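> I would like the atomic coordinates for the input below:
(one chain, ligands or ions: 1)
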Amino acid sequence: MLYNSGDGDLNYFDCHCDTLSRILDDGGMLRQNTGHIDISRCKHTFSKYGQVFALWGDADKEKGGISKRFDRLFEVANAEFGANAGDIALCKSGEDIEAIFCKNKIAAILSIEGAELLGEEMETGVDTAYEQGVRIIQLTWNYQNAYAGPSADKNNQGLTEEGRKLVKYAEGKMIIDVSHASEKTFFDIAKITDMPFIASHSNCKKICGHHRNLTDDEIRVIIDRKGLCGINLYAPFIADAGVCRLEEVLSHVMHIIDIGGEDVVAFGCDFDGCDRLPNEVDGIESIPGIYSFFKKSGLCERLLNKLFFENAYNFMKNNIK
Ligand SMILES: [Zn+2]
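Residues are numbered from 1 along each chain as shown. Coordinates of the predicted model:
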């Protein structure tokens, strides 16, 4: 364990966590819980802290229909952000993020992980979710749905007709997140939209061959589009085998920087969505320790600031509308 309470001057922006889904499924509260992220632990750790909260559901496990789950997740988001209004606020625009930081609050952004959460009628689903504050959407999670093929499917299925419609309809409203997309879906999306897009919580396939990680060609497209690659701390996405340590996390960061991605590399730790982290990491309270480790390993302050905060902050500030 590498615990570091921090001295409160670190800025941090994270592109993906499953904390709200965990609260819905396992209970607990955003104020304080036994998972990876709670407000009590981040309050004195960061100066500025932005966090994308994913709304996620597994259609196979949802007896009442997956679209109802969106309503329940949104209720949790509303209730938790409301109960902690002095410390956290939902951002619907770049200006919101700046205003919320000025008030020393955590800037929260909502994303959807798996477009089946939109319900039967795609356009109504996008409009409703947008209205409720969702600004980022992943077309698929780990299984094929009406919109796109996931990386988990060996058949490498791409966008469906409905998926193409969704990408075009979401333009200007929601940022597309390709983290769980198959390679075919990734390049289909790149072909039909000029908008910047992100891989909120995926690492480099060159370093660790997991299907959820990005090829160098994919990373280059994200660099060209001025998107984001969020480094994921789930151990199986970091190292092919054996124990996973922060050195290996750093090699993913360095690989993205080496191929020209110093302006797109960020974090999307997958906190509360994964059960195996590097040895030195317990949760959000470990971020200052990761910063110190990377600093000791020779990463300069300019790159550290980009990685921990500026890249994701600038992207969200310019693209959340
Ligand atoms: Zn995920």
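> would you confirm that residue 273 contacts residue 20?
No: contact criterion CB atoms under 8 Å: residue 273 and residue 20 do not qualify, at 10.5 Å. To be clear about C-beta, it is placed using only N, CA and C from the backbone, and glycine gets the same treatment.
> please say which of these two ends up with more neighbours.
residue 20 (25 against 21; other CB atoms under 10 Å).
> now that one. Its backbone dihedrals?
Backbone torsions of residue 20, given as degrees, to the nearest 10, read phi -70, psi -40.
> check residue 109 too.
The phi and psi values for residue 109, taken as degrees, to the nearest 10, are phi -120, psi 140.
> from residue 275, how far off is the closest residue to it other than its chain neighbours?
Counting by CB to CB, 6 or more residues apart in numbering, residue 109 lies nearest to residue 52, which is 4.6 Å off, once chain neighbours are set aside. Distance of residue 52 to residue 275, computed by CB to CB, to the nearest Å: 20 Å.
> can I take it that residue 317 is in a strand?
No: membership of residue 317 in a strand is not supported by DSSP: H, G, I helix; E, B strand; the rest coil, which gives helix.
> residues touching it, list them.
94, 97-98 (CB atoms under 8 Å, 6 or more residues apart in numbering).
> returning to that earlier point: now the common contact residues for residue 273 and residue 20.
With CB under 8 Å, 6+ apart as the test, residue 273 and residue 20 both reach residue 54.
> ok, residue 221 touching residue 190?
Yes: here residue 221 reaches residue 190: they are 5.2 Å apart, a contact under CB under 8 Å.
> could you count how many residues lie near residue 108?
Neighbourhood size, residue 108 [other CB under 10 Å]: 25.
> elements contacting the helix or strand where it lies?
Applying DSSP states H and E as the criterion places residue 108 in strand 106-113. The contact analysis (3 or more CB pairs under 8 Å, 6 or more residues apart in numbering; DSSP states H and E) places strand 106-113 against strand 46-56, helix 66-83, strand 88-90, helix 94-102, strand 134-138.
> I'd like the next helix or strand past it.
Trace forward from strand 106-113 with DSSP H and E and the next one is helix 122-131.
> relative to the whole chain's centre, how far out is that next one?
20 Å (CA atoms, centre = their mean, to the nearest Å).
> helices or strands up against that helix?
helix 161-170.
> is it fair to say residue 230 lies in a strand?
Yes: judged by three-state DSSP, residue 230 forms part of a strand.
> so what's the residue nearest to it when sequence neighbours are not counted up against?
Counting by CB to CB, 6+ apart, residue 230 lies nearest to residue 268, which is 2.4 Å off, once chain neighbours are set aside. Residues in contact with residue 268 (CB under 8 Å, 6+ apart) are 14-16, 52, 179, 199-202, 228, 230-232.
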